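In: Sequence and predicted structure are below.
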Amino acid sequence: DAGVIQSPRHEVTEMGQEVTLRCKPISGHDYLFWYRQTMMRGLELLIYFNNNVPIDDSGMPEDRFSAKMPNASFSTLKIQPSEPRDSAVYFCASSLQGEDTQYFGPGTRLTVL
Amino acid sequence: GNSVTQMEGPVTLSEEAFLTINCTYTATGYPSLFWYVQYPGEGLQLLLKATKADDKGSNKGFEATYRKETTSFHLEKGSVQVSDSAVYFCALILGAQKLVFGQGTRLTINP
């Protein structure tokens, strides 16, 4: 089975540009999570969805960040406009209803110049 | 609130040495506890987990025991290998699906 798929793996952009990160969860999983990893703050949960509905977005840093899940097999995390402090590795993870193990994608390394 | 504290890194050991990475937690109930591992350039992978007190999780020679009395879940391995070099994260989950991670411990094993 394919694991969680994220694209792109690396993104370099300039301050002020829009960035869109993509995630395909494991087929059949009900939950999808977006995390951000930085040296300073470690791993932070940004938002998670259950059955395509956002459940908790309290970790989203500010209005520049938005996430959508239009269907069970696709989610996006958008940053508009991007800033240098958004540079981080962004992970997507998914899990199955009734199970607490989360499966992580390989991450997208974002660099905002 | 719920939180996880793990030992500061980085940790450097020689091959075949004994490994302990300490992890303690604070939680308002009885969480499930996890160790995730992140190899260079990859996402996190579940290493082992325990869902109730006195449970022992084990995988790939690693072990951790859920100790409610000391609110701990220390990771151990009797003989480490170079291939164990990675970042290790202790985590808990309680109620809702939100994983709470420790800060991570970078482990380097020298041949």
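Out: Everything's here; your move. Residues are numbered from 1 along each chain as shown, chains lettered A, B, ... in the order given.
In: Around chain B, pick out the residues from chain A.
Out: Contact residues, chain A versus chain B (Cβ under 8 Å from any Cβ of the partner chain): A:4, A:31, A:33, A:42-43, A:45, A:48, A:50, A:55-56, A:91, A:93, A:95, A:100-107. In this view, the C-beta of every residue, glycine as well, is placed from N, C-alpha and C.
In: Please tell me how far the residue nearest the centre of chain A sits from B:Tyr25.
Out: Residue closest to the average C-alpha location in chain A (Cα atoms, centre = their mean): A:Trp34, at 3.3 Å. Distance, A:Trp34 to B:Tyr25, by Cβ to Cβ, to the nearest Å: 23 Å.
In: returning to what we had before: and the pLDDT at the residue nearest to the centre of chain A?
Out: As predicted, A:Trp34 sits at a pLDDT of 97.
In: Spit out the contact partners of the residue of chain A found nearest chain B.
Out: Closest residue of chain A to chain B, Cβ to the nearest Cβ: A:Phe104 (3.6 Å). For A:Phe104, the contact set (Cβ atoms under 8 Å, 6 or more residues apart in numbering or on different chains) comprises A:Val4, A:Tyr35, A:Phe91, A:Cys92, A:Ala93, B:Tyr36, B:Gly43, B:Leu44, B:Gln45.
In: Show me which of those are buried.
Out: The neighbour count (16 or more other Cβ atoms under 10 Å in any protein chain shown) marks A:Val4, A:Tyr35, A:Phe91, A:Cys92, A:Ala93, B:Tyr36, B:Gly43, B:Leu44 as buried among the contacts of A:Phe104.
In: quick one: which helix or strand includes the residue lying farthest from the centre of chain A?
Out: Distance from the centre of chain A peaks at A:Gly98, with 21.6 Å (Cα atoms, centre = their mean). Assigned by DSSP states H and E, A:Gly98 falls within no helix or strand.
In: Next: A:Ser27.
Out: A:Ser27 belongs to no helix or strand when assigned by DSSP H and E.
In: give the contact list for the closest residue to the residue of chain A closest to chain B other than its chain neighbours.
Out: Distances taken as Cβ to Cβ, 6 or more residues apart in numbering or on different chains put B:Gly43 closest to A:Phe104, at 3.6 Å, once the chain neighbours are dropped. For B:Gly43, the contact set (Cβ under 8 Å, 6+ apart) comprises A:Val4, A:Phe91, A:Ala93, A:Phe104, A:Gly105, A:Pro106, A:Gly107.
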